[in-house]
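S.K.: the following comprises the amino acid sequence and a computationally predicted model.
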Amino acid sequence: MARLANNPNSPRQKMINLMYLVFIALLALNVSSEVLEGFELVENSLRTSTKNATQRNEEVLSNLGKAFAENEAKVGEWFGKGLEVKKQTDDLYNYINELKIRIVKEADGKKGDVENIIQKDNLEASSRVMLAPFIGEGEKLREHIESYRNNMSEMVADSGKQSMFELILSTDPPKKKGIIAHSWESALFENMPVAAAVTLLTKLQSDIRFVESETLTTLVNNVDVGDYRVNVLNAFVIPKSQIVTSGMPFEAQIVLAAVDSTKRPEYFLGETRLKDNTFIVNTSGVGERTVAGRVVADGVAYPFETKFSVTESSATVAPLLMEFLYESIDNPIRIAMPGVPSGSLTASLKGTGKIIQKEGNLWTVSGLSIASEKVEIVLSGNVGGRMTSESITYKVRSLPDPQAYLSYTETEGRIRKFTTGSIAKRNLVAALENGVQAAIDDGILNVAHPVTEFTLRRYDNRGISIPYPSTNGNFTQEQKDLIKGMSTGTSFIISDIKALDPAGRPIGLKYAMEVRITN
């Protein structure tokens, strides 16, 4: 980007300033024709200098505009301020130009020409335009200059340049013949020859172009303020996960370290150009995979490469009881899918039955029928922004046969279950109140089967079986009295036991209970 070099102390500028001071001093003596002609020379020189400064300022703003077109995010703020600087400068410059024209026409008439002044020594024209009561433009010009100076100082935010602007565009009343004038405008335009007044205004135009130049240069330099400059740039890949299951996509982001955040690099996976810095690679099978590409920034390519592993599906459905499911009962299972929160996982069954989530990863499968033989559990979840599903098949088994038992509580408070064999009479009597019970209780399952009927059989001395039936699971009073009257060594059988399975279907237990009474 072009830089505008301005030197207020160049030999040419020194000569102009010196001539300006000399001619102002000569005014205090006599306004001779030679002095007035000298003002014209200074005027022409200032006009040329101002024209050149205007062109240079336009080049700086044009270059700033080109930078804005290339990178709006980075240059936008400064280009906007540059346009505001130009507008304020042009407004003040054109206003001063109008004042020059009015002063010349006040002296030479309607056809007065700023570049060809006739009455150069006229001492009233500038006062009438700039200092006339109520309509004088001097005070307005001063306020306009002060506003412009303050605005430019805010733009540069540099104490050195702010002080320079205060000096160049000062509106403090200057001393005139050893006396401080009432105002800045009266000191410059009261009884001032037209030639001198026009030259003063032209110099003011030159000064504001200089201030414009310094302000624009600062804005151009500010484009690079806050940049983080590095001498090494590397491209990196940030995957969501470096391990994916077969059939799942591998997703990652490409990052260029220390890249200018306001620029947009180009991203390539292999030779394919990507829309942004995210890419997805579909997977199948298992094993290690490698992906490579490049990031192109400012015409320079930065290669990248990353590896990831594809594994078999690791979603799990684990029955808490066995490696199969049972018909008729609630089967508690544990379900988990990597990368999917338990609250976002869904599961369904294909076939009979239903599956319900209890809490967290604990679910229940129920209502299964042995006729289905197998059941398929289908899992669905959102992994990395993509819906995926998997299924696992389990066999359905019939429940084992239940077993009848008598229960009683030992002296230390433990509940014991008696199924067959010898039992102390005191424990047998205690068990009478609980009746005959039946359940699948093999250390894994604990499924109760309510007893609906049974028969107590006692054998007499001749070996003849005498039946004592019960129409439910409780001992009848006759059965209780019979058992309580039996002596040690006596035995009896509980048979013909019938119960209801978990589905409410009546079943007959295969095995009877033999009870032998001991002390």
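M.R.: Yep, it's here.

S.K.: which strand residues bridge the most centrally placed residue in the chain?
M.R.: Computing the C-alpha centroid of the chain and ranking residues by CA atoms, centre = their mean puts Gln253 first, at 14.3 Å. For Gln253, the beta-bridge partners under DSSP bridges are Ile238, Thr278.

S.K.: if I read this right, it contacts Leu269, doesn't it?
M.R.: No - counting by CB atoms under 8 Å, Gln253 sits too far from Leu269 to count as a contact (11.8 Å). To be clear about C-beta, it is placed using only N, CA and C from the backbone, and glycine gets the same treatment.

S.K.: could you break this structure into its assigned domains?
M.R.: What the record gives for the chain is the domain set 11-222, 235-311, 316-397, 403-518, from automatic domain parsing.

S.K.: which of these has the lowest mean pLDDT?
M.R.: If you rank these by mean pLDDT, domain 235-311 sits at the bottom with a mean of 75.

S.K.: contact partners for Lys358?
M.R.: 332, 364 (CB atoms under 8 Å, 6 or more residues apart in numbering).

S.K.: let me know the secondary structure of it.
M.R.: Here Lys358 is strand, with the state taken from DSSP: H, G, I helix; E, B strand; the rest coil.

S.K.: do the one 10 residues further on as well
M.R.: Judged by three-state DSSP, the three-state class of Leu368 is coil.

S.K.: Lys354 versus that one, what's the distance?
M.R.: Using CB to CB, to the nearest Å, one obtains 9 Å as the distance from Leu368 to Lys354.

S.K.: how about Glu412?
M.R.: Glu412 is 43 Å from Lys354, by CB to CB.

S.K.: also Asn191?
M.R.: 108 Å.

S.K.: repeat for Asn122
M.R.: Asn122 is 108 Å from Lys354, by CB to CB.

S.K.: do Val396 as well
M.R.: 14 Å.

S.K.: those two - which one has more neighbours?
M.R.: Between Val396 and Lys354, Val396 has the larger neighbour count (other CB atoms under 10 Å), namely 22 against 11.

S.K.: please, which helix or strand holds that one?
M.R.: Assigned by DSSP states H and E, Val396 belongs to strand 386-397.

S.K.: also Val447?
M.R.: Going by DSSP H and E, Val447 is in strand 446-448.

S.K.: just Ser380 next, same as before
M.R.: Going by DSSP H and E, Ser380 is in strand 374-383.

S.K.: again with Glu185
M.R.: helix 184-189.

S.K.: and that helix, what does it pack against?
M.R.: When contacts are defined as 3 or more CB pairs under 8 Å, 6 or more residues apart in numbering; DSSP states H and E, helix 184-189 packs onto helix 125-131, helix 138-156, helix 194-222.

S.K.: repeat that for 6 Å
M.R.: For helix 184-189, the elements it packs on are helix 125-131, helix 138-156, judged by 3 or more CB pairs under 6 Å, 6 or more residues apart in numbering; DSSP states H and E.

S.K.: which one in the protein is furthest away from the centre?
M.R.: Most remote from the centre of the chain, using CA atoms, centre = their mean: Arg462, at 92.6 Å.

S.K.: that one - that's part of a helix, no?
M.R.: No - counting by three-state DSSP, Arg462 falls outside a helix, being coil.

S.K.: phi, psi of Gly473?
M.R.: phi -90, psi 0 (degrees, to the nearest 10).

S.K.: OK, contacts around the residue nearest to Glu139 when sequence neighbours are not counted?
M.R.: Once flanking residues are discounted, Glu139 sits nearest to Glu185: 6.0 Å by CB to CB, 6 or more residues apart in numbering. Neighbouring residues of Glu185 by CB atoms under 6 Å, 6 or more residues apart in numbering: 130, 138, 142.
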